[in-house]
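Student: Sequence and computational prediction follow.
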Amino acid sequence: MSRNDPAWAEHQRHWLRPDWQRWMRHDAHLFAPPGANAPKTYASRLMERLKAEEEDAAREIEHKAFQAELLELRRQLVDLKFELAWRRISHKYDPNQPRVPKGDPKGGQWAKEGGGDAGKEPASDGPSDTGEAPSGVILSDASPDPIRPGAQYAQSRIEINPEALTGIETIDNTTIALTKRLANVVDALEDLPIQSGPIYGHVVHEALKWSLRAFPIPGVKVEPTFGGTGKYGSDGSVRPDISLENAVGDKLAHYDYKTGGATVRPSYADKVRRLGGGPWVPVIQLSVTRGVKIKSQKHPLFDR
Amino acid sequence: MSVELMVLSERRLNSMADWQHAIDAGGLRVALPANMLIERLEGFLPVRSNDTMTGFECDYCDIREILALYPNVIVGRSWPYCLVFRWGGDFEACIAAYISAAAYAKASDGILFDPQDGSLMSSQEALIEIVRMRDDFKKWSTLARITAERIGGDS
């Protein structure tokens, strides 16, 4: 029977001990003819395994170093975007700033604020009662826009749902004013590289809170406390985002801002009504939905 | 704007001490009021976070109400209990609520649901989120104040 015969190979495979290599001397390959495929000894296989493990460990270290470097670069990128956004909001850099028109020796350069070089009225730099916001919203409240159900304000996707309108002028005008203010805040924060939903919600809320404290809307109370002892921080109290009161302190409406897909729970709205004004006081939700929803990114280096 | 976070859990914790133990076991620095009964959680819960007095609203909620409000969220299984955390524009309150919710979820074999993102998180993932918040929150808060001054008033 030839060694090339499959039957012979099968016979050998069947009857050979599985640990036949233990009976071979470690240097058996030295006695094999040149070019023969000598069987690997235990020692050589052990050496190969150790070498492979060392290579894997080196690759793992290299991979971790790469991940750390990548994370650092991402952080630096976020910081750069933050710096850019900061400058833009501070108007040290404003892409909408008017430029000197074509034909002028200084054509294309930034026009000075109030200089009128650009051939159009520049936006006021400070808080204004009238004027046009970058988003194109008319900010004057001297003669408020008529309430238009379903109307969309500013660039943001903030709409007034007809169901939110009460037919009571004071409440509906406040709803529109708050909606515009929220639209301005969201527009100002539009380009920020915020990747986490909670952080985005916090920034929107905080900006709006400070805006309403610095530039109040008549009758609007920011984060009032109801229930408990009536003081902030008392056990069992609740704090809606905003309440609208009349001149004698009667509660007219409560407002709650929500970002993303969040919505006001009916049980919570009932509780706010029960503690703050009565069951007839409407709880109005103002929602903010970002154009591009960015889910929070989890990174393995945070897993420690 | 109020931000909410919900813990969907298999069971309720028996006491504030159990909850506090879970927070301490994670090496987190939030102190719950020891004299409060956990079964009577309703409304504002004052806590101490990083040596600062703050707090958040905390209520038990019917899980059916949550499922009705967010029908597209697949919670994977039926959770008998839901604890809702709610806070406003306060950095420490946000951190304290996240820490407390993560610890509660871990101790009660639950998960966290963020209705803003519509995402479910394990307690471990919530802790990762806390790390990210601590890194970034203060600069974003500063930016929020600048934004408020920048946009001015409209009324």
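Tutor: Looks like it arrived, so ask away. Numbers count the residues shown, from 1 in each chain, chains lettered A, B, ... in the order given.
Student: List the contacts of the top strand by length along chain B.
Tutor: Longest among the strand segments of chain B by residue count, using DSSP state E, is strand B:52-60. Residues outside strand B:52-60 that contact it (Cβ atoms under 8 Å, 6 or more residues apart in numbering or on different chains): A:233, A:238-239, A:268, A:271, B:12, B:41-48, B:81-87, B:90, B:92-93, B:96-97, B:100. In this view, the C-beta of every residue, glycine as well, is placed from N, C-alpha and C.
Student: swap in stretch B:14-32?
Tutor: For stretch B:14-32, contacts defined as Cβ under 8 Å, 6+ apart pick out B:13, B:33-34, B:36-38, B:45, B:47-51, B:96, B:99-100, B:102-104, B:106-107, B:127.
Student: mind redoing it with 7 Å?
Tutor: Applying Cβ atoms under 7 Å, 6 or more residues apart in numbering or on different chains, the external contacts of stretch B:14-32 come out as B:13, B:34, B:36, B:38, B:47-50, B:96, B:99-100, B:103-104, B:106-107.
Student: Dump that stretch to CSV, restricted to CA.
Tutor: Output of stretch B:14-32 as CSV, limited to C-alpha atoms (Å, rounded to 0.1, in the frame of the first residue of the first chain):
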residue,chain,number,x,y,z
ASN,B,14,-37.4,49.0,51.5
SER,B,15,-35.9,52.1,53.1
MET,B,16,-33.9,55.2,52.5
ALA,B,17,-31.0,53.4,54.3
ASP,B,18,-31.0,50.8,51.5
TRP,B,19,-30.9,53.5,48.9
GLN,B,20,-28.2,55.4,50.7
HIS,B,21,-26.2,52.2,51.0
ALA,B,22,-26.4,51.7,47.2
ILE,B,23,-25.2,55.2,46.7
ASP,B,24,-22.3,54.8,49.1
ALA,B,25,-21.4,51.4,47.6
GLY,B,26,-20.8,53.1,44.3
GLY,B,27,-18.5,55.6,45.9
LEU,B,28,-20.8,58.5,45.0
ARG,B,29,-21.2,61.6,47.1
VAL,B,30,-24.9,62.1,47.6
ALA,B,31,-26.5,62.1,51.0
LEU,B,32,-30.3,61.4,51.2
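Student: buried ones in it?
Tutor: For stretch B:14-32, burial by neighbour count (16 or more other Cβ atoms under 10 Å in any protein chain shown) applies to B:16, B:19-20, B:22-23, B:26, B:28, B:30-32.
Student: List the ones among the residues you listed that fall in helices.
Tutor: Under the assignment DSSP state H, these contribute B:16, B:19-20, B:22-23 to helices.
Student: Which one of these is nearest to chain A?
Tutor: Checking those against chain A by Cβ to the nearest Cβ gives B:Met16 as the nearest, at 12.6 Å.
Student: Could you measure from the closest one over to B:Leu28?
Tutor: 15 Å (Cβ to Cβ, to the nearest Å).
Student: If you count neighbours, what's buried in the longest helix along chain B?
Tutor: In chain B, taking DSSP H as the definition, the longest helix is helix B:123-151. Of the residues in helix B:123-151, B:123, B:125-130, B:132-133, B:136-137, B:140-141, B:143-144, B:146-151 count as buried by neighbour count, 16+ other Cβ under 10 Å.
Student: What sits closest to A:Ser267 if chain neighbours are left out?
Tutor: Distance criterion Cβ to Cβ, 6 or more residues apart in numbering or on different chains; nearest residue to A:Ser267, sequence neighbours excluded, is B:Glu65 at 6.0 Å.
Student: The one you found: which element?
Tutor: Remark: B:Glu65 resides in helix B:63-69, with elements defined by DSSP states H and E.
Student: ok, now A:Pro240?
Tutor: Using DSSP H and E, no helix or strand contains A:Pro240.
Student: Quick check: phi and psi on it?
Tutor: Phi and psi for A:Pro240, reported as degrees, to the nearest 10, are phi -70, psi 160.
Student: which residues of chain B score low on pLDDT?
Tutor: Applying pLDDT under 70 to chain B flags residues B:1, B:153-155.
Student: re the thing from before, in its sheet, what does the longest strand of chain B sit against?
Tutor: Paired strands of strand B:52-60, with direction, are strand B:44-49 (antiparallel), strand B:81-87 (antiparallel) (DSSP bridges).
Student: out of those strands, nearest to A:Asp5?
Tutor: Proximity to A:Asp5 (Cβ to Cβ) singles out strand B:81-87 among the strands paired with strand B:52-60, at 72.5 Å.
Student: residues making contact with the closest one?
Tutor: Strand B:81-87 is contacted by residues B:2-9, B:11-12, B:56-61, B:63, B:66, B:93-94, B:97, B:100-101, B:104 when judged by Cβ under 7 Å, 6+ apart.
Student: try 6 Å this time
Tutor: By Cβ atoms under 6 Å, 6 or more residues apart in numbering or on different chains, the residues outside strand B:81-87 that reach it are B:2-9, B:12, B:56-61, B:63, B:66, B:93-94, B:97, B:101.
Student: Generate a PyMOL selection restricted to the buried entries among those.
Tutor: In PyMOL syntax, the buried subset of the contacts of strand B:81-87 is picked out as below (16+ other Cβ under 10 Å):
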select buried, chain B and resi 2+3+4+5+6+7+8+9+12+56+57+58+59+60+61+63+66+93+94+97+101
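Student: count of residues packed around B:Ile111?
Tutor: 22 (other Cβ atoms under 10 Å in any protein chain shown).
Student: surely it meets B:Ser9?
Tutor: No. The pair B:Ile111 / B:Ser9 is not scored as a contact, 7.9 Å apart, by Cβ atoms under 6 Å.
Student: Close to chain A: what parts of chain B are there?
Tutor: B:1-3, B:42-44, B:46, B:55, B:65, B:69, B:88-89, B:94, B:115-118, B:128, B:131, B:140-141, B:144-148, B:150-155 (Cβ under 6 Å from any Cβ of the partner chain).
Student: Could you chop chain A up by domain?
Tutor: A:1-93, A:96-126, A:152-288 (automatic domain parsing).
Student: just flag whichever of these has the lowest average confidence.
Tutor: Of all the domains of chain A, the segment with the smallest mean pLDDT is domain A:96-126, scoring a mean of 51.
Student: Keeping just the C-alphas, turn the helix holding B:Glu65 into PDB.
Tutor: This file holds the C-alpha atoms of helix B:63-69, laid out as PDB (Å, rounded to 0.1, in the frame of the first residue of the first chain):
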ATOM      1  CA  ILE B  63     -45.800  52.400  34.800                       C
ATOM      2  CA  ARG B  64     -48.900  52.200  32.500                       C
ATOM      3  CA  GLU B  65     -48.800  56.000  32.200                       C
ATOM      4  CA  ILE B  66     -45.200  56.000  31.100                       C
ATOM      5  CA  LEU B  67     -45.800  53.200  28.500                       C
ATOM      6  CA  ALA B  68     -48.900  55.100  27.200                       C
ATOM      7  CA  LEU B  69     -46.800  58.300  26.800                       C
END
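Student: Pull the distance from stretch B:6-22 to the chain's centre.
Tutor: Averaging C-alpha positions (Cα atoms, centre = their mean, to the nearest Å) puts stretch B:6-22 13 Å from its chain's average.
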